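K.L.:
The sequence and its predicted three-dimensional model are supplied below.
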Amino acid sequence: MNNLLSKTEYERCVAETRDERMKWWRDARFGMFIHLGLYSVYGKHEWAMAMENWPIEEYAKFADDFLPQKGCCREWAKLAKQAGMKYMVLTTRHHEGFSLWDSKVNSFNSVNYGPKRDIVEEFVQACREFDLKIGFYSSLMDWHHPDGGACAFDQEARIRFTKYIMELNRELMSNYGKIDILWYDVAQPMESFEGWNSLELNQMVRSLQPDIIINNRSLLEEDFQTPEGRIVPAGRDWEACMTFNGISWGCLDSGRVLPFSHSAQQIVRMLYEVTKESGNLLLNIGPKADGTIPEEAIEPLEAVGKWVKEYHGFLYGRTDAKQIIYHGTSNLTYCDNKAYVWNFFWPEKDRTIYIAGIQNRLKKAYFLSDRKEIAFKQDEYRIRLYDLPGEEEDRILGITVICLEFDGEVTYWGRGLNRHATRYPQLNYGMVYQKER
């Protein structure tokens, strides 16, 4: 590639435009991951080809039964929109090496086999119809390619394989208009960005898609980190990518996987966990081989969407939300002059919520859904919200959100740091300090 920048120069250029490119993503909070591939026919696990040592020619036969229905991408996008999600990421080619587009580089694709259609094109159209940002997952690993393993120790194989990966991504970045996210996965078997030619690869990507955001899995830091299967803040822009059942990213039998699948309440709890640390949630569904959405995902996601809508979209746009480490029944996040009380367990016995550690004067407290005001008292020890209804206001999920408005940017000193701790020093045990962001 001509005019290739050094790593230092490249990362400086990326950093200069990051805030502008990342703004929509930081506001979005919630996205849908779609894992679709030949493993949906097998119905076990997306890593089955490698873990079970399938011969390439035997595993490739699953392509005959891989038949996503026309319109399936639209159903995914419709559900994502209903769920309150703002973007989608599709596995355009998982580790098995089967491309879901009309690739001229990889003949093992969905136009030559299976549905005989460009699924990526249909996905892009569906995202645009429902005003969802478009993300392409792109595996660096490829079990189907003859150089996919040899590239780790054979220099000629490495040259061929990295060129193959380069040209696959060039197709994805060239053929579908504006793409918002490039989501790399599994930089194996090579172990360095130099081995993958990631500097050249990503500069090519950005030359074609200057507004794109890229995750950190090509072994360069890029724009955001992606902890997988766990919600772990990264100290920078980050996104927890989570399965719907904790077992597989791909399709499993709905009847058998239902007991392991997330309820709507569990999904909202995950949204709280990412919100309190300024992260995003990318929640996966694994469609069936015909492209239909697993039954166990539909009702919970629809319920979450109704809940988010009921609370007037308070979930979005808070790019520097901070947590107040509190007890597990009523948890708080705050930003600017507002704090949000996420009530996972309603105080029906005493009909009172206590909040300690905020030093600002409280001006107003109200239910976020209908703006109905709540009686409160504030002294030097704590805030008391009292005379609450005997049962939670929320009729959708039983998770009521209360908004508190203060006279300035919220200052939280932590448990055991207010005046009460002066009289009762034992309350300093487990002291929590506000973290600088």
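P.N.:
Right, received. Where do you want to start?

K.L.:
Report pLDDT for A421.
P.N.:
pLDDT recorded at A421 is 45.

K.L.:
now do D379
P.N.:
pLDDT at D379 comes out at 89.

K.L.:
Number of residues surrounding it?
P.N.:
9 (other CB atoms under 10 Å). For every residue, glycine as well, the C-beta is placed using N, CA and C.

K.L.:
how close does it get to T352?
P.N.:
For D379, the distance to T352 equals 14 Å [CB to CB, to the nearest Å].

K.L.:
Give the helix, strand or coil label for Y354.
P.N.:
Secondary structure for Y354, judged by DSSP: H, G, I helix; E, B strand; the rest coil, is strand.

K.L.:
contacting residues for it?
P.N.:
Counting by CB atoms under 8 Å, 6 or more residues apart in numbering, Y354 makes contact with 382-385.

K.L.:
Then Q125?
P.N.:
Going by CB under 8 Å, 6+ apart, Q125 touches 73-74.

K.L.:
so what pLDDT did it get?
P.N.:
So Q125 comes in at 98 (pLDDT).

K.L.:
so L168 is in which element?
P.N.:
Taking DSSP states H and E as the definition, L168 sits inside helix 155-174.

K.L.:
Could you count how many residues lie near the closest residue to V205 other than its chain neighbours?
P.N.:
Among residues not flanking V205 along the chain, M173 sits closest, at 5.4 Å (CB to CB, 6 or more residues apart in numbering). Using other CB under 10 Å, M173 has 19 other residues around it.

K.L.:
isn't M173 right up against N202?
P.N.:
No - applying CB atoms under 8 Å, one finds M173 not in contact with N202, separated by 10.6 Å.

K.L.:
list the buried ones in the top helix by length along the chain?
P.N.:
Ranked by number of residues, the top helix in the chain under DSSP state H is helix 7-28. Within helix 7-28, the residues scored as buried using 16 or more other CB atoms under 10 Å are 10, 14, 18, 21-22, 25-26, 28.

K.L.:
before we move on, back to that, residues in contact with the residue nearest to V205?
P.N.:
M173 makes contact with 179, 182, 204-205, 208-209, 212, according to CB under 8 Å, 6+ apart.

K.L.:
Look up the pLDDT of the residue nearest to K81 when sequence neighbours are not counted for me, please.
P.N.:
Nearest residue to K81 in three dimensions, chain neighbours excluded: F130, at 4.4 Å (CB to CB, 6+ apart). pLDDT, F130: 98.

K.L.:
my read: F130 touches A80, true?
P.N.:
Yes - because the distance of 7.1 Å satisfies CB under 8 Å, F130 is recorded as touching A80.

K.L.:
Tell me which of the two has more neighbours.
P.N.:
A direct count of neighbours by other CB under 10 Å for F130 and A80 places A80 higher, at 25 against 17.

K.L.:
Not counting its neighbours along the chain, what's nearest the more buried one?
P.N.:
In space, and not counting its chain neighbours, A80 is closest to M32: 4.2 Å by CB to CB, 6+ apart.

K.L.:
Check W24 too.
P.N.:
K133 (6.5 Å).

K.L.:
ok, that neighbour - contacts?
P.N.:
24-25, 28, 31, 86-88, 127, 180-181.

K.L.:
count of neighbours near the residue nearest to T352 when sequence neighbours are not counted?
P.N.:
Closest residue to T352 apart from its sequence neighbours, by CB to CB, 6+ apart: Y386 at 4.8 Å. Using other CB under 10 Å, Y386 is surrounded by 14 other residues.

K.L.:
residue contacts, Y386?
P.N.:
For Y386, counting by CB under 8 Å, 6+ apart, the contacting residues are 351-352, 375-377.

K.L.:
next one: I34
P.N.:
76, 88-91, 123, 284-287.

K.L.:
Tell me the one among the residues you listed nearest to V257.
P.N.:
Proximity of these to V257 (CB to CB) peaks at G286, which lies at 9.5 Å.

K.L.:
How about the backbone phi and psi for that closest one?
P.N.:
phi -110, psi 100 (degrees, to the nearest 10).

K.L.:
So it sits against W249, correct?
P.N.:
Yes - using CB under 8 Å, G286 makes contact with W249 at a distance of 5.8 Å.

K.L.:
Give me the common contacts of those two.
P.N.:
Common neighbours of G286 and W249 (CB under 8 Å, 6+ apart) are 35, 46.

K.L.:
tell me the SS of A303?
P.N.:
Relying on three-state DSSP, one would call A303 helix.

K.L.:
For the closest residue to it other than its chain neighbours, give me phi and psi.
P.N.:
Closest residue in space to A303, ignoring its immediate chain neighbours: A264 at 3.8 Å, by CB to CB, 6+ apart. Backbone geometry at A264, expressed as degrees, to the nearest 10, gives phi -60, psi -40.

K.L.:
residues contacting A264?
P.N.:
299-301, 303-304, 307, 397.

K.L.:
least trustworthy position among the residues you listed, going by pLDDT?
P.N.:
Minimum confidence in the contacts of A264 sits at L397, scoring 93.

K.L.:
From what I see, it and V268 are in contact.
P.N.:
Yes - the pair L397 and V268 passes the contact test of CB under 8 Å, sitting 6.2 Å apart.

K.L.:
what is in contact with those two at once?
P.N.:
With CB under 8 Å, 6+ apart, L397 and V268 have common neighbours 304, 307.

K.L.:
of those two, who's got more company?
P.N.:
Legend: neighbour count by other CB under 10 Å for L397 and V268, higher for V268 (24 against 19).

K.L.:
Next secondary structure after the strand or helix carrying the more buried one?
P.N.:
Here V268 is covered by helix 264-275, with elements defined by DSSP H and E. As assigned by DSSP H and E, the chain's next helix or strand after helix 264-275 is strand 280-285.

K.L.:
what about the helices in the protein?
P.N.:
Going by DSSP H, the chain shows helices at 7-28, 39-42, 48-51, 56-59, 72-82, 119-129, 155-174, 193-196, 198-208, 254-257, 264-275, 295-310, 420-423.

K.L.:
Quick one, which of those gets closest to Y366.
P.N.:
helix 295-310 (14.2 Å).

K.L.:
What residues of the closest one count as buried?
P.N.:
Applying 16+ other CB under 10 Å to helix 295-310 flags 296-298, 300-301, 303-308, 310 as buried.
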